[in-house]
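just need the structure, nothing else, for what follows:
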Amino acid sequence: MSTIIRQLLTINQLLISCISQLLFFIHQYIKLPDDDLNEPAAYYNSITVDKKPIIIVDKKLNYKTLLKEHKALKKKLLKPVNHNKGKPVAKNQTCPRCDAPHKYLYDNNGGRGQIKCKVCSFPFNSVKRIFNAITYRCPYCNSKLTKCKERTDFNVHVCENKKCAFYLTNKKALTPDEFEIYKAHSERFKLRYRYREFTTNFFKMDLLSLPKNACNLNFRKFSPHILGLVLTYSVNCNLSSRNTAKALREIHGVSISHTHVRNYANTAASVIKCFVDTYDYKPSKHLVADETYVKIKGVKGYIWFVMDACKKSILGYKLSQTRSLSPCIQAMRSAFDKYTKFPQNLLKFVADGYPVYKLAQSQFEEKDDKVFDLVQVIGLTNEDPVSEEYRWMKQIVERLNRTFKYHYRITTGYGTKDGGDVNLALFVAYYNFLRPDAHNSTRTINTIPELDSIELMPNKWIKLIELSQLKILSLQALE
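Predicted coordinates for the structure are as follows:
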């Protein structure tokens, strides 16, 4: 046995020596790029948001009406196309814009698939027959944008006009070295105007969806006080479901399974979430947002937080498996809905340099008529006046992330996304209404008179569930 260990150690030392020689060779003979991709500016500035394009809405037409208008204007009928002079069009072919029959259609590009309508002058592909009612044009040269990419939530349109002022200005701003790189790798530079057409309506998504696998609150075996103890141990004391069941069994003599503990947590989250999301926080005009990493089924996921920088309440939150635009907008929507009247340009929204916040800002302005000032604090040190002025707000949300990670660490990652939603909803309820704040004279961030008169934490959880049930009933009465 000792001989095998000595041989393995010898092989290990040999591998370490080979790796050292390779690293020395790379350092001496292979030139690495000078730019450091780990710098925040190099990563965050990779995406920019251009101004909105010129949008032209083209309505669907009726060829019979167009023929009548042509006759009234020209005092003669519009003659059908003479197909003897070109490639004939299939008899079942019609114009997608005005529904003109095949006798008014003709081949427009020598048999390569494009057909044009003589009635409405609309060109289309003979196979796809697509009529786009909306046309996007470049705001700098008025050229029609071309769709170049299709993504999950959006399409990318680009201006291909080589004489576009936007393109020529960006091309002229390149240094000689950058221009040489551009000729070899043009995809690394963004010189042409681009517009992202989002196909998903982020403002019609349900923000009050309930977790699955919730049981009812008909306590047949245990009393409501046991539910309060379960939430106190699992949320306040940061115990896992198994340790919570163990504490109840060894301290209170209550024999309960860890599965029943999880079911209680699911039920409490499904009830309390509505109260947390619809409570009148009376937020200030300074919001700060950030995202932090978690594990969902062993894969990296993200928690999005939007909080009031002055009152420190969590106004918006979202657990997602991607770091895309959709969860960002949902978290921001949840926060903006807390305002009785949106403050528009008076609102300061502070975030890091992640470009998705710029996309979200453009979407709120374009589709939800919400205009706010986005301030992006980049890096860990104050390298610019903006970071120096708003660093204190960024540090508040970073402190929130550390508080959340203390409660998250015991889970060692979420087994399912639904389980993560339950854990996150209970954490936000505890943080906003039950957690003593050291900077607020050990009082809670949001004061509820019904909870302040209760001394024991299990009873506070039960009272919060009762208030949540009354809130749900009031919302159902309004429907």
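
report the mean per-residue pLDDT for stretch 253-272.
Mean pLDDT, computed over stretch 253-272, is 89.

same thing with stretch 472-479?
For stretch 472-479, mean pLDDT is 79.

chain center to that stretch, what's the gap?
29 Å (Cα atoms, centre = their mean, to the nearest Å).

same check on stretch 376-391?
Taking mean C-alpha positions (Cα atoms, centre = their mean), stretch 376-391 and its chain are 24 Å apart.

over to stretch 265-282?
The chain centre lies 22 Å from the centre of stretch 265-282; the measure is Cα atoms, centre = their mean.

list the buried residues in it.
Of the residues in stretch 265-282, 265-277, 279, 281 count as buried by neighbour count, 16 or more other Cβ atoms under 10 Å. To be clear about C-beta, it is placed using only N, CA and C from the backbone, and glycine gets the same treatment.

what strand or helix carries residue 403?
helix 385-408 (DSSP states H and E).

got a list of contacts for the helix or strand following that helix?
Along the chain past helix 385-408, the next helix or strand (assigned with DSSP H and E) turns out to be helix 417-429. Contacts of helix 417-429 with the rest of the structure, by Cβ atoms under 8 Å, 6 or more residues apart in numbering, involve 211-213, 231, 234-235, 262, 265-266, 268-269, 272-273, 275-276, 294, 296, 301, 303, 314, 317, 319, 321, 404, 407-408, 411, 414, 464.

and the closest residue in space to residue 469 that isn't next to it in sequence, how far is that from residue 463?
Of all residues beyond its chain neighbours, the one nearest residue 469 is residue 271 (6.1 Å), with distances taken as Cβ to Cβ, 6 or more residues apart in numbering. Look at residue 271 and residue 463: by Cβ to Cβ, to the nearest Å, they are 12 Å apart.

can you list the low-confidence ranges for the chain?
1, 31-49, 84-86, 129-133, 201-221, 441, 479 (pLDDT under 70).

quick check: buried residues in stretch 355-366?
Going by neighbour count (16+ other Cβ under 10 Å), the buried part of stretch 355-366 is 355, 356, 357, 358, 359, 360, 361, 362, 363, 364.

does the second one touch residue 328 like I think?
Pointing back at residue 356 there. Yes - using Cβ atoms under 8 Å, residue 356 is in contact with residue 328, at 5.1 Å.

please compute how far the longest helix seen in the chain lies from its chain's middle.
Using DSSP state H, we find that the single longest helix of the chain is helix 2-29. Relative to its chain's centre, helix 2-29 lies at 45 Å (Cα atoms, centre = their mean).

again with stretch 450-459
37 Å.

dump it to PDB, restricted to CA.
Only the C-alpha atoms of stretch 450-459 are listed here, as PDB (Å, rounded to 0.1, in the frame of the first residue of the first chain):
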ATOM      1  CA  GLU A 450     -50.900  44.400  15.300                       C
ATOM      2  CA  LEU A 451     -47.400  42.800  15.400                       C
ATOM      3  CA  ASP A 452     -45.900  45.300  17.800                       C
ATOM      4  CA  SER A 453     -48.300  44.400  20.500                       C
ATOM      5  CA  ILE A 454     -47.200  40.700  20.300                       C
ATOM      6  CA  GLU A 455     -44.100  39.600  22.200                       C
ATOM      7  CA  LEU A 456     -43.300  36.100  21.100                       C
ATOM      8  CA  MET A 457     -42.100  35.500  17.500                       C
ATOM      9  CA  PRO A 458     -44.200  32.400  16.800                       C
ATOM     10  CA  ASN A 459     -47.400  34.400  17.600                       C
END
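
mind listing residues that contact that stretch?
The contact list for stretch 450-459 (Cβ under 8 Å, 6+ apart) reads 225, 228-229, 231-232, 236, 433-434, 444, 460, 463-464, 467.

now do 10 Å
Outside of stretch 450-459, the residues within contact range by Cβ atoms under 10 Å, 6 or more residues apart in numbering are 224-233, 235-237, 430, 433-434, 443-444, 448, 460-464, 466-467.

now that stretch: buried residues?
451, 457, 458.

then stretch 161-176?
Quick answer for stretch 161-176 (16+ other Cβ under 10 Å): 161, 164, 166, 167.

what about the helices in the stretch 201-350 of the chain?
All helices of the stretch 201-350 of the chain, identified by DSSP state H, counting those that start in this stretch, fall at 224-231, 241-251, 258-278, 325-336.

tell me the contacts of residue 238?
Counted by Cβ under 10 Å, 6+ apart, residue 238 has contacts 406, 407, 408, 409, 410, 411, 427.

hmm, which of the residues you listed are the buried ones?
Buried by 16+ other Cβ under 10 Å: 407, 408, 411, 427, out of those.

isn't the second one right next to residue 296, touching?
No - taking Cβ atoms under 10 Å as the definition, residue 408 is not a contact partner of residue 296, at 11.5 Å.

list the residues that contact both of those two?
Counting by Cβ under 10 Å, 6+ apart, the shared contacts of residue 408 and residue 296 are 414, 420.

wait, residue 391 touches residue 382, no?
Yes - with contact defined as Cβ under 10 Å, residue 391 counts as touching residue 382 (5.8 Å).

give me the more crowded residue out of those two.
residue 391 (16 against 13; other Cβ atoms under 10 Å).

could you measure from that one over to residue 350?
Counting by Cβ to Cβ - residue 391 and residue 350 are separated by 9 Å.

likewise residue 420?
26 Å.

and what of residue 23?
41 Å.

mind checking which of those two has more residues around it?
residue 350 (25 against 10).

what's the distance between the more buried one and residue 377?
Plainly put, residue 350 is 6 Å away from residue 377 if you go by Cβ to Cβ.

same check, this time on residue 405
Distance from residue 405 to residue 377, by Cβ to Cβ: 20 Å.

out of those two, which sits in the more crowded spot?
When residue 405 and residue 377 are compared on other Cβ under 10 Å, the one with more neighbours turns out to be residue 377, at 24 against 13.

distance of the more buried one from residue 401?
Residue 377 is 14 Å from residue 401, by Cβ to Cβ.

repeat for residue 25
Distance from residue 25 to residue 401, by Cβ to Cβ: 41 Å.

same check on residue 15?
Computed as Cβ to Cβ, the residue 15 to residue 401 distance reads 39 Å.

check residue 324 too.
Taking Cβ to Cβ, one finds residue 324 at 20 Å from residue 401.

and for residue 434?
According to Cβ to Cβ, residue 434 and residue 401 sit 19 Å apart.

ok now do residue 242, which residues does it touch?
The neighbours of residue 242, taking Cβ under 10 Å, 6+ apart as the test, are 257, 258, 259, 261, 262.

can you redo these as CSV with neighbour count and distance to residue 2?
Shown next, in CSV, are these (neighbours: other Cβ atoms under 10 Å; distance: Cβ to Cβ, whole Å):
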residue, neighbour count, distance to residue 2
257, 12, 48
258, 14, 45
259, 11, 48
261, 25, 49
262, 21, 49
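
and those, which two are furthest apart?
Farthest pair in the contacts of residue 242 (Cβ to Cβ) is 257 and 262. Separation: 9.0 Å.

shared neighbours of the two, anything?
Shared contacts of residue 257 and residue 262, defined by Cβ under 10 Å, 6+ apart, comprise 241, 242, 245.

what is the burial count for the last one?
Summarising burial for residue 245: neighbours were counted as other Cβ under 10 Å, giving 23.

so it touches residue 257, yeah?
Yes - counting by Cβ under 10 Å, residue 245 does reach residue 257; the two are 6.1 Å apart.
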